[in-house]
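# Here's my sequence, what's the structure:
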Amino acid sequence: QVQLVESGGGLVQAGGSLRLSCAASGRSTTNYAMGWFRRAPGKEREFVAAINWSGRRTDYADSVKDRFTISRDDAKNTIYLQMSTLKPEDTAVYSCAASRAATAVLEEAYNYWGQGTQVTVSS
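You can find the predicted model right below:
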């Protein structure tokens, strides 16, 4: 089992930045693909970013490309989401997820989920 705990959310003005962290415990996620998803009020959960097991491949939703950066620190069993130039439409609960696959983009490929952290961007 893998337990995931997100942190770093909060309230920020449009144009600002935040860095989310996701700490894994229970077992090493070194060989897992990791991802970030978000759910805005009244909307379905959507893919944000993913990083493969080696860290050499990253994928992003078009809506966050060039503004968000996903990274991983396997020594700390932690992944990050650096968010810049935030927009009000980025407001959502952000959740991290772990997949036993080496690379994973689709939500169905993820096996473990965190509870999420709220990000609110004011205009």
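# Can you pull the phi/psi pair for residue 107?
phi -60, psi -40 (degrees, to the nearest 10).
# check contacts around the spatially most central residue of the chain.
Nearest residue to the geometric centre of the chain (C-alpha atoms, centre = their mean): residue 36, 2.4 Å. Contacts for residue 36 (C-beta atoms under 8 Å, 6 or more residues apart in numbering) come out as 20, 22, 48-50, 70, 79, 81, 94-97. For every residue, glycine as well, the C-beta is placed using N, CA and C.
# pLDDT below threshold where in the protein?
For the chain, no stretch has pLDDT under 70.
# Strands along that one, start to end?
For the chain, applying DSSP state E gives strands covering 3-7, 10-13, 18-25, 33-39, 46-51, 58-60, 68-73, 78-83, 92-99, 112-113, 117-122.
# Next, format the ones you listed as CSV and append distance to residue 106.
Below are these laid out as CSV (distance: least, C-beta to C-beta, whole Å):
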stretch, distance to residue 106
strand 3-7, 18
strand 10-13, 29
strand 18-25, 19
strand 33-39, 9
strand 46-51, 8
strand 58-60, 10
strand 68-73, 16
strand 78-83, 18
strand 92-99, 9
strand 112-113, 14
strand 117-122, 22
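# so what's residue 9 up against?
Counting by C-beta under 8 Å, 6+ apart, residue 9 touches 18, 20, 94, 117-119.
# How about it: what's its closest non-neighbour residue?
Of all residues not flanking residue 9 in the chain, residue 117 sits nearest, at 3.3 Å (C-beta to C-beta, 6 or more residues apart in numbering).
# swap in residue 63?
Using C-beta to C-beta, 6+ apart, the nearest residue to residue 63 is residue 89, at 7.7 Å.
# residue contacts, the one you found?
40, 63, 121.
# Next, work out how far apart it and residue 31 are.
34 Å (C-beta to C-beta, to the nearest Å).
# still on that earlier bit, which among the contacts of residue 89 end up buried?
Neighbour counting over the contacts of residue 89 (16 or more other C-beta atoms under 10 Å) leaves residue 121 as the buried ones.
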